[in-house]
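# model the structure of this input:
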Amino acid sequence: MDGQPESVATPERFQQGLTWAQWMAHIQRNVEKFQFNYDATSVSPADADALRAVSRLPTGPAKVLVLGEDWCPDVFRGLPVLVRMAEAAGWEFRAFPRDDNLDIMNEFLNQGLHQSIPTAVFYTNNHEYITHWIERPALANDQLGMIQDLFTGLDREKDRDEMRRRYDEFQRGEVWASWRDATIKEIRGLLEARCS
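Down below sits the predicted model:
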């Protein structure tokens, strides 16, 4: 990795990560939200073809390491998308709870400062670092204000149940779905740019 000759995320450490099934068995919270986002995500044939094509390149991805925690909305939306991409592309997928793997997390800080999740790290078949992607697509960053708009006119103390209901509904809606799709497109573009 740039500026760090040896990574703690060795091939042996990668193998210690959790598969999707193991992640789902391991987590304590938001199991149904992880499953919903997995079930609701599909990689289009065009994106799947492009991911497989870039993966066939000598410098292309064969493995993805994902850091996350089960309480984080960006993770219960984004990690299942990465699983679907791995399935479509034929990558080996491993997930790591961030808080138990801070040595890995600290190699991939957001803007060199923040332990943002999910963080996805892509490797070649020989476990050579390619690139990494952090947290959420640019589209979601641009539209984050929509979440605050959900709560306009509500009192944080008195209206907790209504706030939760509105946020849960948002997470099952079209904007949330568009963020899943944008994740696929953004990562596809990132990998094509790095590997071509």
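# any idea how many residues pack against residue 143?
17 (other Cβ atoms under 10 Å). C-beta coordinates here come from the backbone N, C-alpha and C atoms, glycine included.
# quick check: pLDDT value at the closest residue to it other than its chain neighbours.
Distances taken as Cβ to Cβ, 6 or more residues apart in numbering put residue 175 closest to residue 143, at 6.4 Å, once the chain neighbours are dropped. Residue 175 carries a pLDDT value of 98.
# what's the answer for residue 1, then?
If you check residue 1, the pLDDT there is 46.
# ok but the residue nearest to residue 143 is inside a helix, no?
Yes: under DSSP: H, G, I helix; E, B strand; the rest coil, residue 175 falls within a helix.
# could you measure from it over to residue 39?
Distance, residue 175 to residue 39, by Cβ to Cβ, to the nearest Å: 18 Å.
# before we move on, what about residue 101?
For residue 101, the distance to residue 39 - Cβ to Cβ - is 27 Å.
# neighbour count for those two, which is higher?
residue 101 (18 against 10).
# backbone phi and psi for the residue lying closest to the more buried one once chain neighbours are set aside, please?
The shortest distance from residue 101 to any residue other than its chain neighbours is 6.5 Å, reached at residue 67 (Cβ to Cβ, 6+ apart). Here is the backbone geometry of residue 67 (degrees, to the nearest 10): phi -100, psi 130.
# ok, now residue 10?
Reported as degrees, to the nearest 10, the phi and psi values for residue 10 are phi -70, psi 170.
# show me the contacts for residue 170.
Neighbour list for residue 170: 146, 147, 150, 176 [criterion: Cβ atoms under 8 Å, 6 or more residues apart in numbering].
# give me the buried subset of these.
147, 176 (16 or more other Cβ atoms under 10 Å).
# what's the most distant pair in the contacts of residue 170?
The span of the contacts of residue 170, defined through Cβ to Cβ, is set by 150 and 176 at 11.7 Å.
# now do the helices in the chain.
For the chain, applying DSSP state H gives helices covering 11-15, 20-26, 31-40, 45-56, 73-89, 102-105, 138-143, 145-150, 160-170, 174-195.
# looking at those, spot the one closest to residue 125.
Once the helices of the chain are compared by Cβ to Cβ, helix 45-56 is nearest, at 9.1 Å.
# and the pLDDT for residue 63?
98.
# partner residues bridging it?
As for beta bridges, residue 63 partners with residue 92, residue 123 under DSSP bridges.
# number of nearby residues for it?
Neighbour number of residue 63 under other Cβ under 10 Å is 22.
# low-confidence ranges, the chain, go.
1-5 (pLDDT under 70).
# roughly how far out does stretch 66-82 sit from the chain middle?
5 Å (Cα atoms, centre = their mean, to the nearest Å).
# tell me who's in contact with the residue nearest to residue 138 when sequence neighbours are not counted.
Leaving out its chain neighbours, the residue that sits closest to residue 138 by Cβ to Cβ, 6+ apart is residue 186, at 6.7 Å. Residue 186 is in contact with 133, 137, 138, 139, counting by Cβ under 8 Å, 6+ apart.
# since that was my last question, I'll sign off now.
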